[in-house]
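Sequence first, then the predicted structure, then my questions.
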Amino acid sequence: MPDLSNLLAFALVALGMALTPGPNMVYLISRSLSQGHRAGLISLGGVALGFVVYMLCAAFGLTALVLAVPYAYDAIRFAGALYLLWLAWQALRPGGRSPFEVKELPADSPRRLFLMGLFTNLLNPKIAVVYLSLLPQFISPANGSVLVQALVLGAVQIAVSVAVNALVALSAASIAAFLVRRPTFAVVQRWIMGTVLAGLAIRMATEARR
């Protein structure tokens, strides 16, 4: 088991990561605002499962294969960038809508919400990089099984991320009523979110592989 100091230090790092806006947070906010906090929490379940997948891959050393093979990493990176560009186009195209627009939006099924949350997380290769770059710094062979320590630290990261994103989803849902009363914000929402999503896509696509 990791010692208490390592657990606390890693939890603080995980908290800082969770508070940094990214594709997961953008998706959860958009779902919560457009369909309510229940949809946001269902989507969060998919995101959490994505964290579990990456944690297990990192703990058992499988993610190393993705980082060792440039084409495998790039395939995931570009797939994620294309997905974000598609979301941006949905917001900016004529007649399109921003994920933050909460007026007369079609409701997705719980299954689709969960899967979209899962794929949004799995298509973000930074999660794999984070696990491989951060976990080893907080693992000490002197504290016992490396696998157990990796699983415990990964569980801490997931717990922190889920807690933060749950608060984000619930807060975003409460903002929906405010936005409904101000429909003139719709155009601004569309362009701001389209620009943010496109920027995230470009950054993901052009980021150098480490």
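Great, that's in hand. Numbering: from 1, shown residues only.

Quick one: mean pLDDT over stretch 35-43.
What stretch 35-43 shows for mean pLDDT is 86.

next one: stretch 2-19
So the average pLDDT for stretch 2-19 ends up being 80.

for stretch 75-92, same thing?
pLDDT averaged over stretch 75-92 gives 70.

same check, this time on stretch 161-169
Stretch 161-169 comes out at a mean pLDDT of 89.

List the buried residues of that stretch.
161-162, 164-166, 168-169 (16 or more other C-beta atoms under 10 Å). Quick note: C-beta positions are derived from backbone N, CA and C, even for glycine.

now stretch 52-59
53-55, 57-59.

Contacts only, for the residue nearest to Ala58 when sequence neighbours are not counted.
Spatial nearest neighbour of Ala58, chain neighbours left out: Tyr131 (3.6 Å); criterion: C-beta to C-beta, 6 or more residues apart in numbering. Neighbour list for Tyr131: 54-55, 57-58, 63, 154, 157 [criterion: C-beta atoms under 8 Å, 6 or more residues apart in numbering].

and the residues you listed as JSON lines, adding secondary structure and distance to Leu122?
Compiled in JSON lines, these are given as follows (DSSP: H, G, I helix; E, B strand; the rest coil; distance: C-beta to C-beta, whole Å):
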{"residue": "Tyr54", "secondary structure": "helix", "distance to Leu122": "8"}
{"residue": "Met55", "secondary structure": "helix", "distance to Leu122": "12"}
{"residue": "Cys57", "secondary structure": "helix", "distance to Leu122": "10"}
{"residue": "Ala58", "secondary structure": "helix", "distance to Leu122": "13"}
{"residue": "Thr63", "secondary structure": "helix", "distance to Leu122": "12"}
{"residue": "Gly154", "secondary structure": "helix", "distance to Leu122": "15"}
{"residue": "Gln157", "secondary structure": "helix", "distance to Leu122": "16"}
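
Kindly indicate which of these lies nearest Leu8.
Gln157 (13.0 Å; C-beta to C-beta).

what's the distance between that closest one and Leu7?
11 Å (C-beta to C-beta, to the nearest Å).

These two: which is more packed in?
Gln157 (24 against 16; other C-beta atoms under 10 Å).

could the buried residues of stretch 52-59 go into CSV alongside pLDDT and distance to Asn143?
Shown next, in CSV, are those (pLDDT from 0 to 100; distance: C-beta to C-beta, whole Å):
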residue, pLDDT, distance to Asn143
Val53, 89, 25
Tyr54, 87, 23
Met55, 86, 18
Cys57, 82, 22
Ala58, 79, 18
Ala59, 78, 15
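
Nice, that's everything, thank you.
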